[in-house]
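# Quick one: sequence plus predicted model below, questions after.
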Amino acid sequence: MQIVGTIKEVRELVKSWKKAGETVALVPTMGYLHEGHGSLIEKAKKENDKVVVSIFVNPMQFGPNEDLASYPRDLEKDSAYCQSLGADLIFHPEPEEMYHEGFSSYVDMSVLTEELCGLSRPVHFRGVCTVVSKLFHIVQPDRAYFGEKDAQQLAIIKHMVDDLNIDVEVIGCPIVREDDGLAKSSRNTYLSPEERKAALILSKTIELGKKLVADGETDAEKLVQKMKENIETEPMARIDYVKAVNGLTMQQQKEVKAPMLVAMAVYIGKTRLIDNFILS
Ligand code: AMP
């Protein structure tokens, strides 16, 4: 496995693989890898000859008061983990490599980005769409792997690829959880032991939501209300949003019917965590 920091090196390697008739997968990440990322890398390895993992904490997708500076980083551990999973290349650029002086082109999507996380993080999806389309142009993968943990992001990337005729197959992968249910996330590392316990309210509420749907709840507003009430039983939790939306358009939905995304963002102390379930 190689680790490279320049676009030129990635292009040369990928070109040589493609010349040899090999298929190439891309797994975009911000690093501090855990088994959630690992599941994407493993699936990519099964379905392709070569796997490129990008590790880039993208400044463009962080708002001014967000955790860009404190976002956890550990390239050495990440490299060993990628190697153990059979990844072929880590692309780990510096911000200056991705955004040269005078950079001024953006991928800016409307509608899907204006709901859920887009409401509380106004610049986030412009940064995500811009960096992912740059990574697609740099790596030119056959397939790219994204987690359903960030279900809105996954829907947005699929939509972007469709809108802009990008020749990449976007593949979604299920949420990987800790044994007690908490969705794995690099941000879980911010939680104190007490907050870590309180954070279970997210996955417990996802389970409650799934049960309410299985038991026949058809009113999306009632479903969301009951989920909110459950979160409010945890004193350390502060709701950013809980919403039931159409799984493709991200627009609010009155009725419980597929395709539907029920998504939440909840602060536990200062840490903002997300979780969701999908009716497909
Ligand atoms: P991040 O490093 O947080 O930007 O995540 C990189 C990719 O890994 C994204 O496509 C995420 O959706 C995915 N991912 C992160 N956590 C999980 C998880 N617990 N289960 C599945 N995929 C995940």
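Now that the structure is in, tell me what you want to look at.
# what about the helix or strand hosting residue 245, average pLDDT?
Applying DSSP states H and E as the criterion places residue 245 in strand 237-246. For strand 237-246, the mean per-residue pLDDT is 98.
# list the helices and strands it packs on?
helix 117-120, helix 220-231, strand 260-268 (3 or more C-beta pairs under 8 Å, 6 or more residues apart in numbering; DSSP states H and E). For every residue, glycine as well, the C-beta is placed using N, CA and C.
# Quick one: the helices in the chain, in order.
In the chain, the helices defined using DSSP state H lie at 7-19, 35-47, 75-84, 95-98, 117-120, 124-139, 151-163, 193-198, 200-214, 220-231.
# mind checking which of these is nearest residue 61?
helix 124-139 (3.0 Å; C-beta to C-beta).
# interface residues of this structure facing the ligand?
Contact residues, the chain versus the ligand (C-beta under 6 Å from any ligand atom): 29-30, 36-37, 39-40, 146-147, 149-150, 173, 175-176, 183-186.
# Recalculate using a threshold of 8 Å.
27-37, 39-40, 145-150, 153-154, 173-177, 183-187 (C-beta under 8 Å from any ligand atom).
# What about residue 180, how many residues nearby?
11 (other C-beta atoms under 10 Å).
# Now for it: which residues touch it?
Residue 180 makes contact with 200, 203, according to C-beta atoms under 8 Å, 6 or more residues apart in numbering.
# Quick check, pLDDT for it.
98.
# that older thread, mean neighbour count and mean pLDDT added to the helices and strands packed on strand 237-246, as a markdown table?
Shown next, in a markdown table, are those (neighbours: other C-beta atoms under 10 Å; pLDDT from 0 to 100):
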| stretch | mean neighbour count | mean pLDDT |
| --- | --- | --- |
| helix 117-120 | 17 | 96 |
| helix 220-231 | 16 | 98 |
| strand 260-268 | 23 | 98 |
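# So which of the ones you listed is nearest residue 14?
Short answer: helix 117-120, nearest of the helices and strands packed on strand 237-246 by C-beta to C-beta, at 30.9 Å.
# what's the spacing between that closest one and its chain's center?
14 Å (C-alpha atoms, centre = their mean, to the nearest Å).
# Not counting it itself, show me its contacts.
So helix 117-120 is in contact with 112, 124, 125, 152, 153, 240, 241, 265, 274, going by C-beta under 8 Å, 6+ apart.
# All good on my end, thank you.
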